[in-house]
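Enquirer: okay, predicted coordinates and the sequence, questions at the end:
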Amino acid sequence: MKITSAGLLALASVLPFATAQSPEWGQCGGIGWTGATSCVSGTTCSVINPYYSQCLPGSASVPPTTTPPNTTPVGTTTAPTSTGSTAPAPGNPFTGFEYFISPLYASEVAAAAKLITDSSTAAAAATVEKIPTFIWLDSVSKIAPFGTYLSTASAQQKSSGQKLIVPIVIYDLPDRDCAALASNGEFSIADNGETNYKSLYIDAIVAQIKQFPDVKIVAVIEPDSLANLVTNLSVSKCANAQTTYLACVTYAMQQLSAVGVTMYLDAGHAGWLGWPANLSPAAQLFTSLYASAGKPSGVRGLATNVANYNALSAASPDPITQGNPNYDEIHYINALAPLLGSNFPAHFIVDQGRSGQQNIRQQWGDWCNVLNAGFGTQPTLNTGSSFIDAIVWVKPGGECDGTSNSSSPRFDAHCALSDAAPNAPEAGTWFQSYFQTLVTRANPPL
Ligand SMILES: *[C@@H]1O[C@H](CO)[C@@H](O)[C@H](O)[C@H]1NC(C)=O
Ligand SMILES: *[C@@H]1O[C@H](CO)[C@@H](O)[C@H](O)[C@H]1NC(C)=O
């Protein structure tokens, strides 16, 4: 699959930063900032906080610095106790790369676009083929095709000279999705799940990655798992899974770090860990897990809103947010980051793949094929926040969240709610009518 305009767009979004001076009131520095560090004339780069320096009108008596003086860098990624053998370069790992486009998703989208009779909708749908989404390694069977993708990516970047990132999701914990039913995994804790996860899944992924050390990989680690440990230990399947999840995620962090993978641990979303009562327990879990794993150098930060529908920055709070001050992802991230302190790298990626339309849910916890959702902001490094490395599409929009068939063994009641799309097939399979709605309701339009 050829990398075309989507990758070029990603690159184009980086280039202006490299050369330009920041405008008056623009950002000019701070931890994680990769843009311009000088300001237009008549303004001075001034340290507002460790994460944010801004071009303020006037000239300063003190020369501007990009690393704020007298502050402890919070959330730096280089830990002296790092166990990683392949230390990643500091700074935004996406800068300078284009994405490898998932051949599977591109082929699903191409086939789907052909089924659309309205020609302008079909044309809009076809553009999705070139928008990068993450590749979900949600079973052992996906690892061999992943190896083929790495080989393709390696060949592509050798011929084009453009370095590529292969974005993946690590998602195969034993007793997966412990608080829901639709995404039950293939491994069971009762049946040797932890050993199977380590040897048949993580080790097999690592073996593929080792063959292509020239290909950069960014991974989201185990959606929902740690958030379930923060809020859902009253569900017995989650309580039973706690020590196994922690051991497996630790193993994944260590082994993937050792082969140079950049990782974002899944951190739920604003309507989950963003509630004030959940923020500190969440920060506590992330920091303690990271420390006990030996601060693997590949761990870059956290991923939020994976496969969910929240806006990064909502125009106004959706009524379903019921007074949560962290009613969108930017409020959640701004609230969580300081609690991580210097004990966990406070960098984020945020899924906006299906967040184009807001105020479409009846409850904030509704997650399954939400009706009237639209594709959201396309992947970009122009995030508006020095905490956020990239806006991404982790969920490949059009792949079903779960079946609405109540007779299916994997039926979850969320998938039959009145705000869930009817006639939904099994999780992971293609859901044509849902895809078409994502296309027609995309915001910004495709
Ligand atoms: C899991 O926790 C969330 C957040 O507190 C809650 O909304 C949800 O109902 C819980 N799930 C189960 C199955 O208890
Ligand atoms: C619903 O699931 C049951 C059990 O798997 C199956 O027999 C039935 O055909 C399914 N119904 C539809 C409409 O797909």
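Expert: That came through fine. Ligands and ions are numbered 1, 2, ... in the order given.

Enquirer: for the residue in the stretch 201-350 of the chain positioned nearest to ligand 2, the count of nearby residues, please.
Expert: Proximity of the stretch 201-350 of the chain to ligand 2 (CB to the nearest ligand atom) peaks at Lys237, 21.8 Å away. From N, CA and C alone the C-beta is placed, and that goes for glycine too. Residues contacting Lys237 under the criterion other CB atoms under 10 Å number 16.

Enquirer: what are the boundaries of the strands in the stretch 51-200 of the chain?
Expert: Counting by DSSP state E, counting those that start in this stretch, the stretch 51-200 of the chain has strands at residues 52-57, 98-99, 135-137, 164-170.

Enquirer: the ones you listed: which one's closest to Ala373?
Expert: Among these, the nearest to Ala373 by CB to CB is strand 135-137 (18.4 Å).

Enquirer: which other helices and strands contact the closest one?
Expert: Contact partners of strand 135-137 among helices and strands, from 3 or more CB pairs under 8 Å, 6 or more residues apart in numbering; DSSP states H and E: helix 143-160, strand 164-170.

Enquirer: picking that back up, mind listing what the residue of the stretch 201-350 of the chain closest to ligand 2 touches?
Expert: Asp175, Cys178, Ala179 (CB atoms under 8 Å, 6 or more residues apart in numbering).

Enquirer: check the gap between it and ligand 1 for me.
Expert: 9 Å (CB to the nearest ligand atom, to the nearest Å).

Enquirer: what about that residue, distance to Pro223?
Expert: 16 Å (CB to CB, to the nearest Å).

Enquirer: coming back round to it: quick one, which of the helices and strands packed on strand 135-137 is packed in tightest?
Expert: A comparison of those by mean neighbour count, using mean count of other CB atoms under 10 Å, puts strand 164-170 on top with a mean of 25.

Enquirer: sheet partners, orientation included, of that one?
Expert: When pairing is defined by DSSP bridges, strand 164-170 lines up against strand 98-99 (parallel), strand 135-137 (parallel), strand 216-221 (parallel).

Enquirer: and Ala291, which of the ones you listed is closest to it?
Expert: Per CB to CB, nearest to Ala291 of those: strand 216-221, 16.1 Å.

Enquirer: picking up where we left off before, quick one: closest of the strands of the stretch 51-200 of the chain to ligand 1.
Expert: Across those, closest to ligand 1 is strand 164-170 (CB to the nearest ligand atom), at 20.5 Å.

Enquirer: show me the contact partners of that closest one.
Expert: 3, 7, 93-94, 97-100, 132-138, 146, 149-150, 153, 156-157, 202, 205, 215-223, 252, 256, 306, 392, 394.

Enquirer: and Cys400, what's its pLDDT?
Expert: Cys400 is assigned 97 on the pLDDT scale.

Enquirer: please give me every residue in contact with it.
Expert: Taking CB under 8 Å, 6+ apart, one finds Asn369, Ala424, Pro425, Glu426, Ala427, Gly428, Thr429, Trp430, Phe431, Tyr434 in contact with Cys400.

Enquirer: tell me the one of the residues you listed nearest ligand 1?
Expert: Relative to ligand 1, and with distances defined as CB to the nearest ligand atom, the nearest of the contacts of Cys400 is Ala427, at 16.6 Å.

Enquirer: that closest one: neighbouring residues, count only.
Expert: 23.

Enquirer: wait, doesn't it sit right on Asp401?
Expert: Yes - taking CB atoms under 8 Å as the definition, Ala427 is a contact partner of Asp401 at 6.1 Å.

Enquirer: now for these two: what residues contact both?
Expert: Ala182.

Enquirer: any idea how far Ile116 is from Ala126?
Expert: 9 Å.

Enquirer: do Thr287 as well
Expert: 47 Å.

Enquirer: likewise Ser41?
Expert: Ser41 is 52 Å from Ile116, by CB to CB.

Enquirer: who has more neighbours out of those two?
Expert: Between Ser41 and Ile116, counting by other CB under 10 Å, Ile116 is the more crowded of the two (19 against 9).

Enquirer: the more buried one: what's it in contact with?
Expert: Here Ile116 is in contact with Ala122, Ala125, Gln436, Val439 (CB under 8 Å, 6+ apart).

Enquirer: the second one reaches Gln436, doesn't it?
Expert: Yes - taking contact to mean CB under 8 Å, the distance of 7.2 Å between Ala125 and Gln436 places them in contact.

Enquirer: these two: which is more packed in?
Expert: Taking other CB under 10 Å, Ala125 and Gln436 do not tie; Ala125 has more neighbours (26 against 20).

Enquirer: quick one: the helix ranked longest in the chain to strand 164-170, angle?
Expert: Scanning the chain for the longest helix, with DSSP state H as the assignment, gives helix 236-258. With axes from the mean of the first three to the mean of the last three CA atoms, to 10 degrees applied, the angle from helix 236-258 to strand 164-170 works out at 150 degrees.

Enquirer: buried ones in helix 236-258?
Expert: 237-238, 241, 244-246, 248-258 (16 or more other CB atoms under 10 Å).

Enquirer: what parts of the chain come near ligand 2?
Expert: Residues of the chain found near ligand 2 (CB under 6 Å from any ligand atom) are Asn405, Ser407, Ser408.

Enquirer: can you turn the buried part of those into a PyMOL selection?
Expert: Buried residues among the residues of the chain next to ligand 2 (16+ other CB under 10 Å), as a PyMOL selection:
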select buried, resi 408
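
Enquirer: if anything else comes up later, I'll come back, but that's it for now.
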